[in-house]
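Undergrad: Sequence and computational prediction follow.
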Amino acid sequence: MRAERRQKTRLYLCRPQLLRNPRFDTPWQVLYASANDRAFITTMGFDVVTFASIVDGGFGATWAATPIPRNDVASAGKPRLGARSLDAAGALRLVLH
């Protein structure tokens, strides 16, 4: 019981949420794969379920339907999802972090 209360007030990441090998993963991939509520709340302010609800509740569809604005591309063009280095969850993480 005491340990559970203490964990809610800790605002740092633990070893399972940290990068093990930088040649294979990014810090975001490790954090996302851990699906740890405390790690999500510490870095983005939302727990895992809320983060997934935001992505599934419209952010993901908007991300997929909206081209990234660039000076050398028509703003009315179709988005090229295969050319993006971020998926919707990664983009939302950048916005929240």
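TA: Arrived safely. Keep in mind the model is a prediction, meaning the values are calculated, not measured. Numbering: from 1, shown residues only.

Undergrad: for the protein, what spans make up the helices?
TA: For the chain, the helices defined by DSSP state H occupy 2-9, 27-34, 37-44, 48-54, 60-65, 88-96.

Undergrad: okay, Gly57: pLDDT?
TA: pLDDT for Gly57: 96.

Undergrad: Burial check on it, number of neighbours?
TA: 10 (other Cβ atoms under 10 Å). For every residue, glycine as well, the C-beta is placed using N, CA and C.

Undergrad: Against Trp63, how distant is it?
TA: Distance of Gly57 to Trp63, computed by Cβ to Cβ, to the nearest Å: 12 Å.

Undergrad: So which of the helices of the chain is the most surrounded?
TA: The highest mean neighbour count among the helices of the chain, using mean count of other Cβ atoms under 10 Å, belongs to helix 37-44: a mean of 18.

Undergrad: avg pLDDT for stretch 24-40?
TA: For stretch 24-40, mean pLDDT is 84.

Undergrad: what about dumping the CA coordinates of that stretch to CSV?
TA: Coordinates of each C-alpha in stretch 24-40 appear next as CSV, following Å, rounded to 0.1, in the frame of the first residue of the first chain:
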residue,chain,number,x,y,z
PHE,A,24,17.5,-0.8,-32.5
ASP,A,25,15.0,1.6,-30.9
THR,A,26,14.3,5.2,-30.2
PRO,A,27,13.4,6.4,-26.7
TRP,A,28,9.8,6.9,-27.9
GLN,A,29,9.5,3.4,-29.2
VAL,A,30,10.7,2.0,-25.8
LEU,A,31,8.3,4.2,-23.9
TYR,A,32,5.4,3.4,-26.2
ALA,A,33,6.0,-0.3,-26.1
SER,A,34,6.2,-0.3,-22.3
ALA,A,35,2.6,1.0,-22.1
ASN,A,36,3.5,2.3,-18.6
ASP,A,37,0.9,4.8,-17.2
ARG,A,38,3.5,6.5,-15.0
ALA,A,39,5.9,7.0,-17.9
PHE,A,40,3.2,8.3,-20.2
